[in-house]
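Student: coords below, sequence missing:
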């Protein structure tokens, strides 16, 4: 298996996805997955020691890698690793959220947190103010670094479900208390920005914008329609986007 992975990794990324675009077979998809299996391995290890076994996390991350391979579009100009990483991390975090009610806090963290909590409560009463980390560490017989580590670990386990009640006396779930951004505002702002800067473009550039982003044509399709090279279209797109970027920064 190791030798096969090395072969796949040496195969250029462009060829892997070109082959998969031509033939979306399981075999071609598995070549991509095998070439990038290091991503689930690395990302899964970042979430160990949080109440879920590494093997379970790795399985979730591997399935996310497959999803990323199926959704990836190389023509958008983003490296596959950059596209797949947030997809995998997102699936792992979602798994933790779904798994939250069954995650068991390790005994060491539970017992140590109780010591810290008791020390903090006593200091609160004697100092008449919230104690500093070094004061809690001294009272608990620990280092400040250890106190911070336990407190962060406790917060990682003490996850609240969005389906929980926000207040005991009210029949309101937590997710109902979280505001959402109205996408209409952003759409209006974006439309206004595009329209104001569209007048600065030539007729040819406006037609390119229509084909590329309204009709969602690829650079190759536009090049063939206009009768120019794909390199010319690529440069034209960069030129137009640079104009918009400059206007956005002003």
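Tutor: Looks like it came in fine. If you're wondering where the values come from, they're calculated on a predicted model, not measured in any experiment. Numbering: from 1, shown residues only.
Student: what's downstream of the lowest-mean-pLDDT helix or strand in the chain, the next helix or strand?
Tutor: Least confident helix or strand of the chain, by mean pLDDT, DSSP states H and E, is helix 2-10 with a mean of 43. Note on helix 2-10: by DSSP states H and E, the next helix or strand toward the C-terminus is helix 13-22.
Student: what's next to that following helix, contact-wise?
Tutor: Residues external to helix 13-22 that are found in contact with it (C-beta atoms under 8 Å, 6 or more residues apart in numbering): 8, 28-29, 31-32, 35, 69, 72, 74, 79-80. From N, CA and C alone the C-beta is placed, and that goes for glycine too.
Student: cutoff 7 Å now
Tutor: Outside helix 13-22, the residues within contact range by C-beta atoms under 7 Å, 6 or more residues apart in numbering are 28-29, 31-32, 35, 72, 74, 80.
Student: which of those residues sits closest to residue 94?
Tutor: Nearest to residue 94 among the contacts of helix 13-22 is residue 72, at 19.3 Å by C-beta to C-beta.
Student: hmm, the closest one is touching residue 79, no?
Tutor: No. Look at residue 72 against residue 79 with C-beta atoms under 7 Å: they stay out of range, at 9.8 Å.
Student: how about low-confidence regions in the chain?
Tutor: In the predicted model, the chain carries pLDDT under 70 at residues 1-12, 99-105, 155-199, 247-250.
Student: which parts of this structure are helices?
Tutor: Along the chain, the stretches classed as helices by DSSP state H are 2-10, 13-22, 26-35, 38-45, 54-71, 80-99, 107-127, 133-140, 144-157, 183-198, 203-209, 219-226, 230-249.
Student: centroid residue for this protein?
Tutor: Ranked by distance to the mean C-alpha position of the chain (C-alpha atoms, centre = their mean), the top residue is residue 86 at 2.8 Å.
Student: what's near enough to touch it?
Tutor: Applying C-beta under 7 Å, 6+ apart, we find residue 86 in contact with no residue.
Student: the residue sitting furthest away from the middle of the chain and residue 144, how far apart?
Tutor: Among residues of the chain, the one most distant from the C-alpha centroid is residue 126; the distance is 44.3 Å, by C-alpha atoms, centre = their mean. Distance of residue 126 to residue 144, computed by C-beta to C-beta, to the nearest Å: 19 Å.
Student: same deal with residue 206?
Tutor: 61 Å.
Student: run a quick neighbour tally on residue 152.
Tutor: Using other C-beta atoms under 10 Å, residue 152 has 9 neighbouring residues.
Student: check contacts around it.
Tutor: Here residue 152 is in contact with no residue (C-beta under 7 Å, 6+ apart).
Student: and what of residue 67?
Tutor: With C-beta under 7 Å, 6+ apart, residue 67 has these contacts: residue 87.
Student: and it, how far is that from residue 81?
Tutor: Computed as C-beta to C-beta, the residue 67 to residue 81 distance reads 15 Å.
Student: so what's residue 200 up against?
Tutor: residue 243.
Student: next one: residue 43
Tutor: Residue 43 sits next to 61, 85, 88-89, 92 when contact means C-beta under 7 Å, 6+ apart.
Student: out of the residues you listed, which is most surrounded?
Tutor: Among the contacts of residue 43, residue 61 has the most neighbours (other C-beta under 10 Å), with 26 neighbours.
Student: report the residue ranges of every domain in this protein.
Tutor: 2-102, 107-162, 183-249 (automatic domain parsing).
Student: quick one: the first one to chain centroid distance?
Tutor: Relative to its chain's centre, domain 2-102 lies at 13 Å (C-alpha atoms, centre = their mean, to the nearest Å).
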